[in-house]
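Asks: what's the 3D shape of this:
(one chain, ligands or ions: 2)
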Amino acid sequence: MNTLSPSLDISLEKAAALLKAGGVVAFPTETVYGLGADAWNPDAVAQIFTLKGRPPDNPLIVHVSSLGMVDKLAAEVNEDALRLMAEFWPGPLALIFPKRAEVLDIVTAGLNTVAVRMPDHPVPLRLIHETGPLAAPSANTSGRPSPTRSDHVVQDFEDRVPVLEGGVCQYGLESTVLDLSEKPYTILRPGHITQSAIEHILGMPVRVTRQTQERSTDELAPKSPGMKYSHYAPDAGVRWMTPQELQRTQALLASTLYLVHRDREQILPVPSGVTLVHYHQNYQEMARDLYDRFRMADLQRFSEVAIEPFHAETAEQTEALHNRIRKAIG
Ligand code: TXA
Ligand code: MG
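Replies: Ligands and ions are numbered 1, 2, ... in the order given. Sure, this is the predicted structure:
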């Protein structure tokens, strides 16, 4: 699928040349699209913050295509890290290491750690092989949902950012972020790579941050700076809603987009003004689709996105999706 206008849709060779010259390029990954710049070029990285309107105290993940690149970024890569990389890379797991002195402050927001990940997608792997490590946050303007398709990038940046086309992102949720810089290791952001999968490989328990609780006790130095910023919610907001509550929305002028995870027969009668989306118990499909629905809700001027309370197959899948939904609810 190619939805880009010819002027924005660039070749890999062109993208590599732009990046080497200090430019910014959006590229696909298996999670969401990234907005990349040469991790060793402070002026290039500064453009990412300007373009996104991103607060300067929110650090970036550095994307690599080889383990050799990790050695240039991380001051220490221990046995645990090697095991995780062997098992899950390339893949949706960002690892936080103590950083080498050469890593730019603008990339790490002045922290003494650096987040690194190897995306599981041929386009960025080939690109980074050409350019070297790329600092890249999700390719949305600050406060918008992460882009899961190239046209989402264009919605946010119009013609200001060239985009490498890569179709729809496989997972649709951002990577798991695991802090290996101190023990106990801590998951700062849940994602497709789960706590139990990580614990199984490491043979030890890891913690999961409860972001909102830790923030109040650690206001000045949040462990994952990005988590303190408000996230996107469609104009009328997102909320949980049971089918019973849905029936009662009849009287409202509201137009409701109602997302249903479980496999069920039609909710009858569907009140007027309600559009149903069924995921038939398909967690992957719901994760892949969620941010696109949020964007669509605004484009089509729905007054609310309501989500039927659900549990996915595993508690960890449930938590990864609930985490993003809670942020959208705000
Ligand atoms: O799936 C992904 O990770 C996507 C694709 C493009 O790779 N990227 C992404 O980047 O989601 P971003 O910038 O939207 O989210 C990165 C998260 C933020 O919450 C940030 O605060 C955190 O990782 N982070 C980055 N470096 C960190 C560090 N050194 N210590 C703690 N948290 C860090
Ligand atoms: Mg982001």
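
Asks: mind listing what the residue nearest to Arg160 when sequence neighbours are not counted touches?
Replies: The spatial neighbour of Arg160 that comes closest, neighbours along the chain excluded (Cβ to Cβ, 6 or more residues apart in numbering), is Leu51 at 6.5 Å. From N, CA and C alone the C-beta is placed, and that goes for glycine too. In this structure, Leu51 makes contact with Val24, Leu35, Thr141, Phe157, Arg160, Val161, judged by Cβ atoms under 8 Å, 6 or more residues apart in numbering.

Asks: now do the strands in the chain.
Replies: All strands of the chain, identified by DSSP state E, fall at 25-27, 34-38, 61-63, 93-98, 113-117, 134-135, 176-179, 186-189, 207-208, 238-240, 256-260, 274-278, 304-307.

Asks: any chance of CSV for those strands, columns mean neighbour count and mean pLDDT?
Replies: CSV is the format used below for the strands of the chain (neighbours: other Cβ atoms under 10 Å; pLDDT from 0 to 100):
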stretch, mean neighbour count, mean pLDDT
strand 25-27, 27, 98
strand 34-38, 28, 98
strand 61-63, 28, 99
strand 93-98, 24, 98
strand 113-117, 26, 98
strand 134-135, 29, 98
strand 176-179, 26, 98
strand 186-189, 21, 97
strand 207-208, 14, 96
strand 238-240, 18, 94
strand 256-260, 22, 93
strand 274-278, 16, 91
strand 304-307, 23, 94
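
Asks: how about JSON lines for the ones you listed, with distance to Ala328 added?
Replies: Supplementary listing: the strands of the chain in JSON lines, determined by distance: least, Cβ to Cβ, whole Å:
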{"stretch": "strand 25-27", "distance to Ala328": "22"}
{"stretch": "strand 34-38", "distance to Ala328": "21"}
{"stretch": "strand 61-63", "distance to Ala328": "21"}
{"stretch": "strand 93-98", "distance to Ala328": "21"}
{"stretch": "strand 113-117", "distance to Ala328": "23"}
{"stretch": "strand 134-135", "distance to Ala328": "26"}
{"stretch": "strand 176-179", "distance to Ala328": "19"}
{"stretch": "strand 186-189", "distance to Ala328": "15"}
{"stretch": "strand 207-208", "distance to Ala328": "20"}
{"stretch": "strand 238-240", "distance to Ala328": "4"}
{"stretch": "strand 256-260", "distance to Ala328": "11"}
{"stretch": "strand 274-278", "distance to Ala328": "15"}
{"stretch": "strand 304-307", "distance to Ala328": "8"}
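
Asks: Arg149: which of these is closest?
Replies: Proximity to Arg149 (Cβ to Cβ) singles out strand 25-27 among these, at 11.1 Å.

Asks: quick one: contacts of the closest one?
Replies: By Cβ under 8 Å, 6+ apart, the residues outside strand 25-27 that reach it are 10, 15, 18-19, 33-37, 123-124, 127, 134, 136, 139, 147, 150, 153, 157, 161-164, 166.

Asks: pLDDT weak spots in the stretch 101-250 of the chain?
Replies: Scanning the stretch 101-250 of the chain for pLDDT under 70 picks out 211-231, 233, 236, 250.

Asks: residues near the nearest residue to Tyr279 once chain neighbours are set aside, how many?
Replies: Closest residue to Tyr279 in three dimensions, ignoring its sequence neighbours and counting by Cβ to Cβ, 6+ apart: Met286, at 4.2 Å. A total of 24 residues lie near Met286 under the criterion other Cβ atoms under 10 Å.
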